Structures are given as structure tokens and as C-alpha cells.
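Asks: Give me a 3D structure for the following:
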Amino acid sequence: MQVVRSGNVAGRAGLLLSLEAEKARLRRSRELFMAYFVIDFVLLMGIGAYILSRIVVRPVSNLLAATEKITRGHYGQQVSASGSLEMAQLADAFNDMSETLMIKDRQVNSHVTALEKANRELIQAREESLRSEKMASIGLLAAGMAHEIGTPLSSVLGYAELLAAEQPAGSSGHDYAERITQECGRIDRIIRGLLDFSRPRRAALEDVNIGQLVDETLELVDSQGAMKQIEVVRRYDQKMPPAHVDPHQLQQALINLFLNSRDAMPQGGRLEITVAADQDDSRPAGRKCLRIDVSDSGAGIPPEDLGRIFDPFFTTKPPGRGTGLGLAIVSRIVEGIGGRISVRSKPGIGTCFTLRLPAVVQEGGLT
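Replies: I've put the predicted structure just below:
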């Protein structure tokens, strides 16, 4: 700035100001602004990430976890409808799909179970049909053989008895005649068994107290000394209903089973008879029935023989001790009175025969 005096420039004047302080203030302001900017940016990013996680990432993770469970067969998985509107709609759609898959899976399993049951019933029906045809054929053959053999056998038996009477007691001739008589008697029993098997009489069905019938049968068998060294255990259901059966035929079947169990325990053992109400799932609508279990602690039956034990002339007993008709007759009797017989056995542990008989059903259930 010039200083003028009397029209002349007398001098110059100036003002010097330092800008360092202002520059420093501006620098600090800029640094604070950058710091605030960084902090705000970090905060915004954190808040954005949190919101993104809540709205998108977490729901998607839940969907992925539920999807993995579904791929492993765990249908019916549900996820919460959280997050944005779109994610909530996606969760609802996923839940509907999962529930539909679960329902379809149950339906498929139900159909598979029904098909398996129907297949088992068809196989069982086919086996029973084949077995019935085989039994009928064997029955016709057995009846013819019994008549053809019975007549000459009676003659042989009569001559053997005459020969035994003519020979002195204790002589070899008398002994031979006695042996002939014994063997003819055995053949006669086989023939009678054949006739019983081939010509089963019509069942006279009536309501029978099975517990009482089992007791009477055990007393009959025991009176002949057949149950020596055998512990007999009886378990009767107090609420068991009567069975609609032929008591005489069923008693014959029980006698055969008891004697069969006795033969399986020559050194003694345990015979357990259980009588209880049951349900026969192989029959229509799971028909009510009465179950009789005859279990022994004998040697058991080899697995390869289980499918043949009810066939005529099949026996696991030593030669001369079994005709192979006992269980075949039991099976025919049980089926003839509307029941079923099955067997399970483990070698060295024992055998259990199970009879399922028609139970007397009154209105409101079993009597």
C-alpha cells in the first residue's frame, strides 16, 4: 500500500499475515473429515452386512440346511418365514413343498407296505394251494395203499398169532412169531394213520374251553407215563375266549404235539403250553383268534427241514421210531377246523409249535 503526501509518494506500507496456522487448521479439519468418513463407512458396512445377513444370508443358510436334510430322506422340514418379503414367500413355498414330499413319502411307504403284504399273502395262498393239492394226491394214494396192504396184513398178523400160540414159550419160533406180530402191529398203525390222513372226518364244531381241553389232554398223556422227567408249565390267559373247534380232533392234534415234544427230550426237559387271545394278521381284517404255543427244550429242528415237517412220511426220528404222519395229521386237523399251524425252532435250544384257532366273537369283541 502506497503512502502519498502532498501529491507525492512518501512511502509504502504493508501487512504480513502467517497462513501456517490456517493451513494446520484446514489439515486437521481434513483429517477429522476423513476419520469421520472412514468410521461412517465402516459403520454403514457393518450395519449393511448385519441387515443383509438377517434378510438374505441366514434365511438362505436355513433353506440349505433343510434341503440337505430332505436329500437324506428327512421329509417335512420347516423353516421360519423371516427376512424380506421375497425370502418369506420363498420359505412358505419351501415349507409347502416339504410337507407335500412328506405326505407323498408316507403314501408311497403305505402302498409299498400294502403291496408287500399282498405279495406275502399271494405267496402263502399259492403255497397252501400247492400243499393242499399235494395232500389230496397223497391222500388218494394213501387210501388205495392202505386198502391194498390192509387185507394181506390181517392174514399175516393172524397166522403170526397162530404160530406164536403153537410154539413153546421162550423158543426161537415163538420169539420170531412175536416179532412178526409186533412189526405187523406197527404196519397196522401206519395204515390207520394213512386212513385218518386220507379220510378226515367232518369236524363237529362247538365252543370249547381250550384251557380245560389242554388240561384233560395232558392228564391223558401223563396217565400213560409219557411225560416222565418232563417239567410241564402252563400259562393260560385269564381272559381267553372259547374256541370254535372240534374238541376230539383238536385233542388228537395236541396229543401228537405233546408226544412229539416228549420224543425230542429223551433225557427230560421242559414243556411249556401257552394259551392266549391273539389276532391272526393273515386273515381278513386281522380276525381274532386263540393262540396255543407248545414249546419244548429239545434238540430242535434243522433249518433245512422246517419247510418239510408237515409233509406226510417226513420224519427226523431214527428208523423204526416214527411214521412221518403225526405232524401231517396235526396240520390237516388244524386246517380242517379253520385254524393255522406254524413252527419256529433253533437247533440245540428247542421248538415251538403255534396253533391259531377261530375264537368265539360276540358283539362288542371277544367273549
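
Asks: Can you pull out the low-pLDDT segments for the stretch 251-367 of the chain?
Replies: Counting by pLDDT under 70, the stretch 251-367 of the chain contains low-confidence ranges at 281-287, 318-323, 361-367.

Asks: in it, which spans are strands?
Replies: With DSSP state E, counting those that start in this stretch as the criterion, the stretch 251-367 of the chain has strands at 269-280, 287-296, 340-346, 350-358, 361-362, 365-366.

Asks: Let me know which of the ones you listed is the nearest to L64.
Replies: Ranking those by their distance to L64 (criterion: Cβ to Cβ) puts strand 269-280 first, at 46.6 Å. For the C-beta atoms, the positions are set from N, CA and C on the backbone; glycine is no exception.

Asks: okay, the angle between that closest one and strand 350-358?
Replies: Relative orientation of strand 269-280 and strand 350-358, computed by axes from the mean of the first three to the mean of the last three Cα atoms, to 10 degrees: 30 degrees.

Asks: mind listing what's buried in strand 269-280?
Replies: Residues of strand 269-280 classed as buried under the neighbour-count rule (16 or more other Cβ atoms under 10 Å) are 269, 271-275, 277-278, 280.

Asks: Which strands or helices does that strand pack on?
Replies: helix 210-223, strand 230-236, helix 247-263, strand 287-296, strand 350-358 (3 or more Cβ pairs under 8 Å, 6 or more residues apart in numbering; DSSP states H and E).

Asks: could I get those as JSON lines with distance to I329 and mean neighbour count?
Replies: Listed next are the helices and strands packed on strand 269-280 as JSON lines, based on distance: least, Cβ to Cβ, whole Å; neighbours: other Cβ atoms under 10 Å:
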{"stretch": "helix 210-223", "distance to I329": "15", "mean neighbour count": "16"}
{"stretch": "strand 230-236", "distance to I329": "22", "mean neighbour count": "14"}
{"stretch": "helix 247-263", "distance to I329": "6", "mean neighbour count": "21"}
{"stretch": "strand 287-296", "distance to I329": "15", "mean neighbour count": "22"}
{"stretch": "strand 350-358", "distance to I329": "13", "mean neighbour count": "22"}
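
Asks: Looking at those, which is nearest to I187?
Replies: Set against I187 and scored by Cβ to Cβ, these come closest in helix 247-263, at 19.2 Å.

Asks: now for that closest one, which elements pack on it?
Replies: In terms of contacts (3+ Cβ pairs under 8 Å, 6+ apart), helix 247-263 is packed against strand 206-208, helix 210-223, strand 269-280, strand 287-296, helix 326-336, strand 350-358.

Asks: got a list of what L63 touches?
Replies: L63 sits next to 79, 90-91, 94 when contact means Cβ atoms under 8 Å, 6 or more residues apart in numbering.
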